[in-house]
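Student: Got a predicted structure plus its sequence, pasted below:
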Amino acid sequence: MKRIMIDHEKCDGCKNCSIACMQAHRETEGTVYDLDLTDPRNESRNYILKDADGHYRPLFCRHCDEPKCVEACMSGALSKDPKSGHVFYDETRCGSCFMCVMNCPYGVLKPDTVSKTKVIKCDFCVNAGEGPSCVASCPKQAIYVEEV
Amino acid sequence: MKYVIIGAGVAGIEAAKTIRKRDGAGEILIVSADTHVHSRCMLHKFIAGERDEQGLDFSEKDFFSKYNVEWKKGVRVEKVCPHTKEIQLDNGEEISYDKLLLAQGADSFIPPVGELRKASNVYGLRNLSDAQAIVKEAETAENVLVIGSGLVGLDAAYGLLERGKKITIVEMVDQILPVQLDAHGAEAYQKLFENAGVRFVLGRKASEAVCEPDGKIHKVTLDNGEELACDLLIVAAGVRPALACLEGSGIDCDRGVTVDASMKTSQEDVYAAGDITGLSGIWPNATDQGHVAGENMCGAAESYTDTYAIKNTINFFGLVTLCVGRIKTEEGDQIQIKEDKTQYKRVILKDGKVEGILLQGDISNSGTWQYLIKNKIDISGINKDIFDINFADFYQVKEDGGYQWR
Ligand SMILES: Cc1cc2nc3c(=O)[nH]c(=O)nc-3n(C[C@H](O)[C@H](O)[C@H](O)COP(=O)(O)OP(=O)(O)OC[C@H]3O[C@@H](n4cnc5c(N)ncnc54)[C@H](O)[C@@H]3O)c2cc1C
Ligand code: SF4
Ligand code: SF4
Ligand code: SF4
């Protein structure tokens, strides 16, 4: 399985990855230069967290081997793809219960801000072309893809 | 090897899948009263008319053919005989097994008040068949009375609102959702339901209900004498593990079927998983138990270890809530609250550890709370606003890129 590896010591908190993720999932046409960062419909699937000492800690879905989010999913919307190993979300099946949000031990998931009917979840950029947009945008190589 | 599974809920389905992955050749049979594989958590969507039967299916596409599982649906198991390794169905059929999984879930509990148990217009909400019957009764019913304001009672009301019914909900204690929420958090949902037209009668019990000549209850009398008119009643007063078919089987039961950590019962080659065990009443745990049972039925040595089950999420009218751990405060607690227009957060701390969390309005990235609570992590050393504590404070990345709690 391909996983986004994290070298957190290299992260300097620029959040290019988060902007790239928002851009890759925006509903409107356009380039990153006209991406509306204040539009709540544009949400990142990754997060740059800070610990109590101010260190940056990138939070990215691990597409876990035994995904706790999938275990909690009562609709079949979340599933681990046997081919790629990635954990995918099918919005059309989702029942909007958010048990998955509660059950991800790292706090990766959230309900969408506007409608509270969908889950904001990393899809490994399967619909955005050339692999993870976040990885391509990181100037520090703090995140990179590896076969694990 | 012949594996027989009673129940086509998530515990049964997950076990079948797990068994097939380990044993390519064995015979797997699921027997269920259900005629459709369905998620009970979405029954309100069926009642509302938002989804049909197929839309409630949580299993993988073509599950039964894909995993080569046989399914006898619409039949009830009436007897389980571990000594002869057989089960008996209500159609007279007898089926033998090598390994048996009990995954019958739970039944609605209808309290013995008046003639509630006898009337033809009184339903629980547990099975698709209940939801179908409710929809049918609702075609002619105008006034709906829901007894119990827990998640199931509110689910029923939520679904029926879409059908334009007049709904009254009676609750014994003086707030709604008493198991999940504090009074403040409950009030937010109460207002939303009231704005949608629901009437609540709190702090009251149904004390009398008599069938009329048509076999239905048309009014319920409360303990203060008030009478409530109704044509359809939904009783959401809790559930009980579905143990009826185990009578005389010699399988040890307490609140539910007693199991060890491998999900094995007191009888050889008989396992149990899901709500039937009484260990939990929520989806993630039923899935996990089904998985562990399936593994062990194939001779593996897995244990059910992630047993924590005091956890829930709620979503009505787009107001989302997460509640994990203790909800009632007690002496010696340290309470922290944060509230503004869009959210209400309350944490219960004791001796530096989080014992309960309630987040309402915004539950973004809140998965870490369950971990903190169930593992009794001491957070007193973290110099941060408590509501800002997140995985960064416990951050560790393993060699294979997976995360690990420090
Ligand atoms: C209205 C409602 C809303 C819910 N919402 C949520 C939620 O949002 N989040 C959450 O985590 N949980 C929720 N739950 C709880 C969740 O649905 C259960 O924990 C889960 O369904 C348990 O799965 P199970 O496989 O153990 O049992 P069940 O799903 O109950 O399945 C039992 C199976 O056994 C069959 N069966 C029973 N007796 C017999 C018999 N004698 N012979 C043959 N077959 C039999 C039934 O037909 C069924 O197929 C909800 C429950 C209800 C009722
Ligand atoms: S959402 Fe969480 S539990 Fe699910 S795969 Fe991603 S990291 Fe794992
Ligand atoms: S919110 Fe959707 S994806 Fe998440 S557990 Fe519920 S049904 Fe599954
Ligand atoms: S892989 Fe794509 S969806 Fe996932 S975090 Fe990176 S940019 Fe977002």
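Tutor: That came in fine, so what should we check first? Ligands and ions are numbered 1, 2, ... in the order given.
Student: Quick one: end-to-end distance for stretch B:388-406.
Tutor: Using Cα to Cα, to the nearest Å, the end-to-end distance of stretch B:388-406 comes out at 17 Å.
Student: Briefly note if it comes near ligand 2.
Tutor: No: applying Cβ under 6 Å from any ligand atom, one finds that stretch B:388-406 is not in contact with ligand 2, the shortest distance being 7.0 Å. Using the backbone N, CA and C atoms, a C-beta is placed for each residue, glycine as well.
Student: How far does that stretch sit from its chain's centre?
Tutor: Computed by Cα atoms, centre = their mean, to the nearest Å, the separation of stretch B:388-406 from the middle of its chain amounts to 31 Å.
Student: what's next to it, contact-wise?
Tutor: A:3-6, A:8, A:49-52, A:55, A:57, A:59, A:62, A:64-65, A:105-107, A:146, A:148, B:365, B:368, B:371-372, B:375, B:377, B:379, B:382, B:384 (Cβ atoms under 8 Å, 6 or more residues apart in numbering or on different chains).
Student: Drop anything exposed from these.
Tutor: Among these, those that count as buried by neighbour count (16 or more other Cβ atoms under 10 Å in any protein chain shown) are A:3-6, A:8, A:49, A:51, A:57, A:59, A:62, A:64, A:105-107, A:148, B:365, B:368, B:371-372, B:377, B:379, B:382.
Student: So which of those residues belong to strands?
Tutor: For the buried ones among the contacts of stretch B:388-406, membership in strands holds for A:3, A:4, A:5, A:6, A:49, A:57, A:59, with DSSP state E as the criterion.
Student: So the second one versus chain B, what's the distance?
Tutor: Distance, residue A:4 to chain B, by Cβ to the nearest Cβ, to the nearest Å: 7 Å.
Student: Name whatever forms a beta bridge with that residue.
Tutor: The partner list for residue A:4 in beta bridges (DSSP bridges) reads residue A:145.
Student: Is it in contact with residue A:59, as I believe?
Tutor: No: counting by Cβ atoms under 8 Å, residue A:4 stays clear of residue A:59, with 11.1 Å between them.
Student: count of residues packed around the closest residue to residue B:309 other than its chain neighbours?
Tutor: Nearest residue to residue B:309 in three dimensions, chain neighbours excluded: residue B:280, at 3.7 Å (Cβ to Cβ, 6 or more residues apart in numbering or on different chains). Under the neighbour criterion other Cβ atoms under 10 Å in any protein chain shown, residue B:280 is assigned a count of 20.
Student: Now the phi/psi pair for residue B:280, please.
Tutor: Dihedral angles of residue B:280 (phi, psi; degrees, to the nearest 10) stand at phi -160, psi 170.
Student: Let me see the contact set for it.
Tutor: With contacts defined as Cβ under 8 Å, 6+ apart, the neighbours of residue B:280 are B:286, B:289, B:307, B:309.
Student: Distance check, it against ligand 2.
Tutor: For residue B:280, the distance to ligand 2 under the criterion Cβ to the nearest ligand atom, to the nearest Å works out to 19 Å.
Student: Which of the helices or strands spans residue B:115?
Tutor: Using DSSP states H and E, residue B:115 maps to neither a helix nor a strand.
Student: State the number of residues packed around it.
Tutor: 16.
Student: what's the nearest residue to it if we skip its chain neighbours?
Tutor: Distances taken as Cβ to Cβ, 6+ apart place residue B:211 nearest to residue B:115, at 4.7 Å, with adjacent residues excluded.
Student: wouldn't the one you found be in contact with residue B:118 here?
Tutor: Yes: the pair residue B:211 and residue B:118 passes the contact test of Cβ under 8 Å, sitting 5.9 Å apart.
Student: out of these two, which sits in the busier spot?
Tutor: Remark: of residue B:211 and residue B:118, residue B:211 carries more neighbours, 17 against 13, as counted by other Cβ under 10 Å.
Student: who does that one bridge with?
Tutor: What pairs with residue B:211, by the bridge criterion (DSSP bridges), is residue B:217.
Student: okay, it: pLDDT?
Tutor: According to the predicted model, the pLDDT of residue B:211 comes to 97.
Student: Same check on residue A:129?
Tutor: According to the model, residue A:129 scores 79 on pLDDT.
Student: so which strand or helix has it?
Tutor: Element membership of residue A:129, judged by DSSP H and E, is empty: it is in no helix or strand.
Student: Would you map the strands across the stretch 51-200 of chain B?
Tutor: Secondary structure of the stretch 51-200 of chain B by DSSP state E, counting those that start in this stretch: the strands cover B:70-73, B:77-81, B:86-89, B:94-96, B:99-102, B:106-108, B:122-123, B:143-147, B:166-171, B:199-202.
Student: how about these, which one is nearest residue B:262?
Tutor: The closest of the strands of the stretch 51-200 of chain B to residue B:262 is strand B:99-102. By Cβ to Cβ, the value is 12.3 Å.
Student: what about residue B:49, neighbour count?
Tutor: Applying other Cβ under 10 Å, we find 11 other residues in the vicinity of residue B:49.
Student: er, residue B:67 I mean
Tutor: Here the number of neighbours of residue B:67 (other Cβ under 10 Å) works out to 17.
Student: can you check residue A:121 too?
Tutor: Residue A:121 is flanked by 21 other residues according to other Cβ under 10 Å.
Student: Wait, it touches residue A:61, no?
Tutor: Yes: between residue A:121 and residue A:61 a contact is recorded at 6.6 Å, counting by Cβ under 8 Å.
Student: anything in contact with each of those two?
Tutor: A:45, A:87, A:108, A:109.
Student: residue ranges for the helices of chain A, please.
Tutor: Assigned by DSSP state H, chain A shows helices spanning A:16-24, A:68-72, A:99-103, A:133-137.
Student: and ligand 3, which of those is closest to it?
Tutor: With Cβ to the nearest ligand atom, the closest approach to ligand 3 among these belongs to helix A:99-103: 3.3 Å.
Student: name the helices or strands packed onto that closest one?
Tutor: Packed against helix A:99-103 by the contact rule (3 or more Cβ pairs under 8 Å, 6 or more residues apart in numbering or on different chains; DSSP states H and E) you find helix A:68-72, helix B:283-297, strand B:311-316, strand B:319-325, helix B:368-374.
Student: For the closest residue to chain A within the stretch 151-300 of chain B, which non-adjacent residue is closest in space?
Tutor: Per Cβ to the nearest Cβ, residue B:284 is where the stretch 151-300 of chain B lies closest to chain A, at 4.0 Å. Taking Cβ to Cβ, 6+ apart, and ignoring the residues beside it in sequence, residue B:284 has residue A:72 as its nearest neighbour in space, at 4.0 Å.
Student: what about the one you found, neighbour count?
Tutor: Burial of residue A:72 is recorded as 26 neighbouring residues (other Cβ under 10 Å).
Student: likewise residue A:10?
Tutor: Using other Cβ under 10 Å as the criterion, residue A:10 is surrounded by 15 other residues.
Student: Please apply the same query to residue A:66.
Tutor: When counting by other Cβ under 10 Å, one arrives at 9 neighbours for residue A:66.
Student: so what's the residue in the stretch 201-350 of chain B positioned nearest to ligand 4 up against?
Tutor: Among all residues of the stretch 201-350 of chain B, residue B:320 sits closest to ligand 4, at 22.0 Å; criterion: Cβ to the nearest ligand atom. Shown in contact with residue B:320 (Cβ under 8 Å, 6+ apart): A:98, A:111, A:116, B:313, B:314, B:360, B:361, B:362, B:363.
Student: can you pull up the bridge partners for it?
Tutor: Bridge pairing for residue B:320 (DSSP bridges) gives the partners residue B:315.
Student: And it, how close does it get to residue B:313?
Tutor: Using Cβ to Cβ, to the nearest Å, one gets 7 Å for the distance from residue B:320 to residue B:313.
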